[in-house]
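A.B. asks: Need the 3D shape of this:
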Amino acid sequence: MILYRIKGGGHNWPGGIPFLGPVLGGTTQDIAANTVIWEFVSRFRLPERG
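C.D. replies: The predicted structure follows:
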């Protein structure tokens, strides 16, 4: 299990394009959420249909 704590991330997508700046609380570039999520889900496969 891995826990990611995003400090100063606000309500924007981590690693994404800042949207509405300070209104949504900032955007962290410390991690890229797309990459982190893909690294997790790509380890699993759906069962084959029979």
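
A.B. asks: ok, so what distance separates Gly21 from His11?
C.D. replies: Noted for Gly21: a distance of 12 Å to His11, by C-beta to C-beta, to the nearest Å. To be clear about C-beta, it is placed using only N, CA and C from the backbone, and glycine gets the same treatment.

A.B. asks: same thing with Gly25?
C.D. replies: Distance from Gly25 to His11, by C-beta to C-beta: 5 Å.

A.B. asks: Do a quick rundown of the helices in the chain.
C.D. replies: 33-41 (DSSP state H).

A.B. asks: Can you report how many residues lie near Gly16?
C.D. replies: Using other C-beta atoms under 10 Å, Gly16 has 13 other residues around it.

A.B. asks: where's it relative to Pro47, distance?
C.D. replies: 32 Å.

A.B. asks: Arg5 now?
C.D. replies: On the measure of C-beta to C-beta, Arg5 and Pro47 end up 34 Å apart.

A.B. asks: And Glu39, by the same measure?
C.D. replies: Taking C-beta to C-beta, one finds Glu39 at 21 Å from Pro47.

A.B. asks: In this structure Gly15 contacts Trp38, no?
C.D. replies: No. Checked against C-beta atoms under 8 Å, the pair Gly15 and Trp38 is beyond contact range at 11.7 Å.
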